[in-house]
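Chemist: the sequence isn't on hand, but the structure is:
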């Protein structure tokens, strides 16, 4: 039941909701993605912050509710992964969705706060230095298993961290290809 709750919570497309209030069809602008980076490009900072906050909150809330009922790190991780999968494959968007970066950050915030701090800090540093949101996500969350091993090496959490990292990298396959070929757009660059 918690896994279903988390999936449904993760499925709430905050970017699409914020865009609708502004009269924008988010799937038809910019990259077509439902996340905060595309909202930033399409509508600016305020709507992007609302989207980012909503996506972080749904991941955090899913795990916080799970934590109330569960004391098993693996099962709690599965609840968190379910929320991320809900964001990536939203039932409200015909099983399409975002890339899961903010929702994963929200999950980590409750699941392993130390690791969340390290991951988000690395993500932001890479973004500030390179201006590539996708590169920040791939590096910050790509080293998540190493961070987990060094700072919070519970075996169950290690398994979950590999799955989270793999999901982020999988969802960014197109971005990675564009980065390699010099075609990825930087933050702030509009259509």
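Modeler: That came in fine, so what should we check first? Worth saying up front: this structure is predicted, and the values here are computed from it rather than measured.
Chemist: all the helices of this structure, in order from the start?
Modeler: Taking DSSP state H, the helices of the chain run over residues 2-11, 14-21, 36-43, 45-69, 73-88, 101-111, 113-130, 133-142, 144-151, 155-171, 173-180.
Chemist: tell me the most buried of those helices?
Modeler: Per-stretch averages of neighbours, counted by mean count of other Cβ atoms under 10 Å, single out helix 101-111 among the helices of the chain, with a mean of 27. Just so you know, the C-beta spots here come from the backbone N, C-alpha and C atoms, and that holds for glycine as well.
Chemist: can you tell me what sits against that one?
Modeler: 10, 35-36, 51-52, 55-64, 67, 76-77, 80-81, 83-84, 86-87, 115-116, 119-120, 123, 137, 141, 144, 157, 160, 164, 167-168 (Cβ atoms under 8 Å, 6 or more residues apart in numbering).
Chemist: try 7 Å
Modeler: Applying Cβ atoms under 7 Å, 6 or more residues apart in numbering, the contact partners of helix 101-111 are 10, 35-36, 52, 55-60, 62-64, 67, 76-77, 80, 83-84, 87, 115-116, 119-120, 137, 141, 164, 168.
Chemist: elements contacting the lowest-mean-pLDDT helix or strand in the chain?
Modeler: One helix or strand of the chain scores below all others by mean pLDDT, DSSP states H and E: helix 36-43, with a mean of 89. Contacts defined by 3 or more Cβ pairs under 7 Å, 6 or more residues apart in numbering; DSSP states H and E place helix 36-43 against helix 14-21, helix 45-69.
Chemist: off-centre distance for stretch 161-176?
Modeler: 10 Å (Cα atoms, centre = their mean, to the nearest Å).
Chemist: distance of the residue nearest the centre of the chain from residue 138?
Modeler: With distances taken as Cα atoms, centre = their mean, residue 101 lies nearest the centre of the chain, 1.9 Å away. Residue 101 sits 10 Å away from residue 138 when distances are taken as Cβ to Cβ, to the nearest Å.
Chemist: could you tell me which residues touch both of these two?
Modeler: With Cβ under 7 Å, 6+ apart, residue 101 and residue 138 have common neighbours residue 168.
Chemist: pLDDT weak spots in the protein?
Modeler: In the predicted model of the chain, residues 188-191 satisfy pLDDT under 70.
Chemist: if you set the cut-off to 80 instead, what comes out?
Modeler: 30, 153, 188-191 (pLDDT under 80).
Chemist: the helices and strands packed on helix 36-43: which one's closest to residue 182?
Modeler: helix 45-69 (24.7 Å; Cβ to Cβ).
Chemist: got the angle for the closest one vs helix 2-11?
Modeler: 170 degrees (axes from the mean of the first three to the mean of the last three Cα atoms, to 10 degrees).
Chemist: helix 45-69 packs against which elements?
Modeler: helix 2-11, helix 14-21, helix 36-43, helix 73-88, helix 101-111.
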